[in-house]
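A.B. asks: Output the structure for:
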Amino acid sequence: MSPAKKILIVDDEEDLCLLLKIYFTRKKYQVAVANTLKDGLSKVETWQPDILFLDNNLPDGLGWEQAGLLLDKYPSLNIHLISAFHPSQPGLVNKKRLHIMEKPFSQQQLNALEL
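C.D. replies: Got it, this is the predicted structure:
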């Protein structure tokens, strides 16, 4: 049996992080959470998740601005960009590894994700 995929959630909304962590843990993923961009980038480096849920508007910066660098640095990383503010999509080359989810999203939308 292969090890569980690792998911990192980077969002300053602690309730959302908790709900996502419970949801994905029940689905047998390993889940970590960060509430700032700095902490999130550090956890990507040290923990090397398979999947990253990355909010845009974080207290210490714009998460989406880091997406291109993260995709380049971590070739196996898949990123789900999340935001309630509907920013324009970053101009990135690899759309297969980059997905956008607008808040609020439902459990049905989470169930439909191909992780």
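A.B. asks: and the least confident helix or strand in the chain by mean pLDDT, what does it pack onto?
C.D. replies: For the chain, scoring each helix and strand by mean pLDDT, DSSP states H and E identifies strand 98-102 as the least confident one, at a mean of 87. Here strand 98-102 touches strand 78-83, going by 3 or more CB pairs under 8 Å, 6 or more residues apart in numbering; DSSP states H and E. No exception for glycine: its C-beta is placed from N, CA and C like everyone else's.
A.B. asks: So for this structure, the centremost residue is which one?
C.D. replies: Among the residues of the chain, the one closest to the centroid is Phe53, at 1.0 Å (CA atoms, centre = their mean).
A.B. asks: The nearest residue to Gln66 once chain neighbours are set aside: which element?
C.D. replies: Using CB to CB, 6 or more residues apart in numbering and skipping the chain neighbours, the partner closest in space to Gln66 is Leu41 (6.7 Å). Here Leu41 is covered by helix 37-47, with elements defined by DSSP states H and E.
A.B. asks: what's that helix packed up against?
C.D. replies: strand 6-10, strand 30-34, strand 51-55, strand 61-62.
A.B. asks: and Ser42, how many neighbours?
C.D. replies: A count of nearby residues for Ser42, using other CB atoms under 10 Å, gives 12.
A.B. asks: what's the neighbour count on the nearest residue to it once chain neighbours are set aside?
C.D. replies: Closest residue in space to Ser42, ignoring its immediate chain neighbours: Ala34 at 7.6 Å, by CB to CB, 6+ apart. Applying other CB under 10 Å, we find 23 residues neighbouring Ala34.
A.B. asks: If Ala34 is in a bridge, with which residues?
C.D. replies: For Ala34, the beta-bridge partners are Val10 (DSSP bridges).
A.B. asks: same question, Gln30
C.D. replies: Taking DSSP bridges as the rule, Gln30 bridges to Lys6.
A.B. asks: do you know how far it is from Ser42?
C.D. replies: Here the criterion is CB to CB, to the nearest Å. By it, Gln30 lies 17 Å from Ser42.
A.B. asks: follow-up on the earlier one: give the contact list for the residue nearest to Ser42.
C.D. replies: Shown in contact with Ala34 (CB atoms under 8 Å, 6 or more residues apart in numbering): 8-10, 40, 42-43.
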